[in-house]
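In: quick one: sequence and predicted model below, then my questions.
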Amino acid sequence: MHRRDWLMTTGLMGAGIVIGRENASAVGAGGPVMRTEIKRLTLRHRWTTTMSSSDYRDTIYVHLERDGVSGVGEGAPIVRYNESAQSAQAAIESIRELVASSDVWHYEKILADAFARIEGEYAAKAALDIALLDWVGKRLGVPLHRFFGLDSADAPITTFSIGIDTPEMTRKKVLEAASFPVLKIKVGLDTDEQTIDAVRSVTDKPLRVDANEGWKSKEEAVRKINWLESKGVELVEQPLPAAMLEDMLWVKDRVGIPILADEACLSIRDIPRIAPFFDGVNVKVDKAGGLLRAHRMIHLAKTLGLKTMLGCMVSSSVAITAAAHLSPLVDYADLDGNLLISNDPYAGVLVRDGKLVLPAGPGLGLTPA
Ligand code: MG
């Protein structure tokens, strides 16, 4: 029986119920209208880690529109992986035809094609993935955490990050972060003891520490981590350069707190390789190339017995809210990148007493700031 005849027979056509409307409207008449833009985000404080120091960050936005529904995504290019906002924008523009001729509901296929055609540029791919899923969530009328089958009540607390600074500024930043029950302190220079002492002079709350590959030998890492343990630090991220994997085993045997990989783990392929050397992994949507791939990384890490953290780059509420929708899955969240800027165009995930509060609106659930 032809579909039209079946509709007539069942009376669905007369009743105005059209099955498969989404496919019908997206196929044939072309795909979504896409727009990309570079967004300059102004930092509240100069942001310094072992890798860089800056007053602003540029991220890539992808906007999709189809059937009167819009989706927005954001990726924060990572300089360490030779990404910039310009290279991210060029990467997305290079697949403009592919996106424009695709059915948004086939988002897995669009992303598979994007990954096959674009080398690197994971922040750009993340922006596209988020825009697609925002659109899909809106069309389905469900927030993304529900799309992934997650309970927003399980969203963890997030740390607030304190970038490397003078002891005086460090104390000021820690006092400004009074509402956060756990802080993440950036270290990795020879001023580490000074930094932690400055933090401890104004607060006794639990601390997590991120060395961003800053310590250069296994001996230095063990010495610093043992000292940090005595200062109430509950975990350390990426103590040694990513390439020093074997040395991590030596370090892990000599310290009592969990050590998480960040720079040592970019994509899902890295997880089985690094699993023996770390206690956990910091998954970032920008590194993974989107929510779908970050979701798979979290599940693989958990399967291999690793602790999981969702981390972020400096970005607006688009990227941070996207990651937050996956946060009910992880042990630790470090999703504060939107709180470090002063010109966020959107409001999305909120933080209440340190806990992430996920928006209930469909898709990302963003509203204009
Ligand atoms: Mg890190």
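Out: Nice, thanks for sending it over.
In: for residue 138, list the residues it contacts.
Out: Contact partners of residue 138, counting by Cβ atoms under 8 Å, 6 or more residues apart in numbering, are 69, 70, 71, 362, 363. (Glycine included, C-beta is placed from N, CA and C.)
In: mean confidence for stretch 246-261?
Out: The average of the pLDDT scores along stretch 246-261 is 97.
In: can you pull the contacts of the closest residue to residue 256 other than its chain neighbours?
Out: Sequence neighbours aside, residue 229 is the residue nearest to residue 256 in space, at 5.8 Å (criterion: Cβ to Cβ, 6 or more residues apart in numbering). Residues in contact with residue 229, defined by Cβ under 8 Å, 6+ apart, are 255, 256, 257.
In: drop anything exposed from these.
Out: Neighbour-count burial (16 or more other Cβ atoms under 10 Å) applied to the contacts of residue 229 gives residue 255.
In: closest to the ion out of the contacts of residue 229?
Out: Nearest to the ion out of these is residue 257 (Cβ to the ion; 15.5 Å).
In: that closest one and residue 236 touch, don't they?
Out: Yes. With contact defined as Cβ atoms under 8 Å, residue 257 reaches residue 236; the gap is 6.4 Å.
In: neighbours around residue 234, how many?
Out: When neighbours are defined as other Cβ atoms under 10 Å, residue 234 has 14 of them.
In: quick one: end-to-end distance for stretch 187-202.
Out: One end of stretch 187-202 to the other measures 17 Å (Cα to Cα, to the nearest Å).
In: how about it: buried residues?
Out: 187, 188, 189, 192, 195, 196, 198, 199.
In: redo those residues as TSV? Include secondary structure, pLDDT and distance to the ion.
Out: Shown next, in TSV, are the buried residues of stretch 187-202 (DSSP: H, G, I helix; E, B strand; the rest coil; pLDDT from 0 to 100; distance: Cβ to the ion, whole Å):
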residue	secondary structure	pLDDT	distance to the ion
187	coil	94	11
188	coil	91	10
189	coil	89	15
192	helix	94	15
195	helix	96	16
196	helix	97	17
198	helix	97	20
199	helix	98	17
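In: list just the nearest of these to residue 217.
Out: residue 188 (12.9 Å; Cβ to Cβ).
In: so who does the closest one touch?
Out: Contacts of residue 188 (Cβ under 8 Å, 6+ apart): 49, 50, 164, 210, 211, 212, 213, 214, 215.
In: could you redo the last one with a cut-off of 6 Å?
Out: Going by Cβ atoms under 6 Å, 6 or more residues apart in numbering, residue 188 touches 50, 211, 212, 214.
In: out of these, which are close to the ion?
Out: For the ion, no contacts are drawn from the contacts of residue 188 by Cβ under 5 Å from the ion.
In: among these, who's most crowded?
Out: Among the contacts of residue 188, residue 211 has the most neighbours (other Cβ under 10 Å), with 27 neighbours.
In: pipe the contacts of residue 138 into JSON lines and attach secondary structure per row.
Out: What follows is these, written out as JSON lines (DSSP: H, G, I helix; E, B strand; the rest coil):
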{"residue": "69", "secondary structure": "strand"}
{"residue": "70", "secondary structure": "strand"}
{"residue": "71", "secondary structure": "strand"}
{"residue": "362", "secondary structure": "coil"}
{"residue": "363", "secondary structure": "strand"}
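In: can you add pLDDT, distance to the ion and neighbour count and give those residues back as JSON lines?
Out: Compiled in JSON lines, the contacts of residue 138 are given as follows (pLDDT from 0 to 100; distance: Cβ to the ion, whole Å; neighbours: other Cβ atoms under 10 Å):
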{"residue": "69", "pLDDT": "97", "distance to the ion": "35", "neighbour count": "17"}
{"residue": "70", "pLDDT": "98", "distance to the ion": "32", "neighbour count": "17"}
{"residue": "71", "pLDDT": "98", "distance to the ion": "28", "neighbour count": "26"}
{"residue": "362", "pLDDT": "98", "distance to the ion": "31", "neighbour count": "20"}
{"residue": "363", "pLDDT": "98", "distance to the ion": "28", "neighbour count": "28"}
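In: tell me the two of those that are most distant?
Out: Maximum distance among the contacts of residue 138 (Cβ to Cβ): 11.6 Å, for 70 and 362.
In: need the contact list for the closest residue to the ion within the stretch 201-350 of the chain.
Out: Nearest residue of the stretch 201-350 of the chain to the ion (Cβ to the ion) works out as residue 262 at 3.6 Å. Shown in contact with residue 262 (Cβ under 6 Å, 6+ apart): 237, 238, 282.
In: between the residues you listed, identify the one with the most neighbours.
Out: Busiest of these [other Cβ under 10 Å] is residue 237, holding 28 neighbours.
In: how about the residues of the chain by the ion?
Out: Selection of the chain residues close to the ion by Cβ under 5 Å from the ion yields 210, 237, 262.
In: how far away is the second one from residue 36?
Out: Between residue 237 and residue 36 the computed distance is 31 Å (Cβ to Cβ, to the nearest Å).
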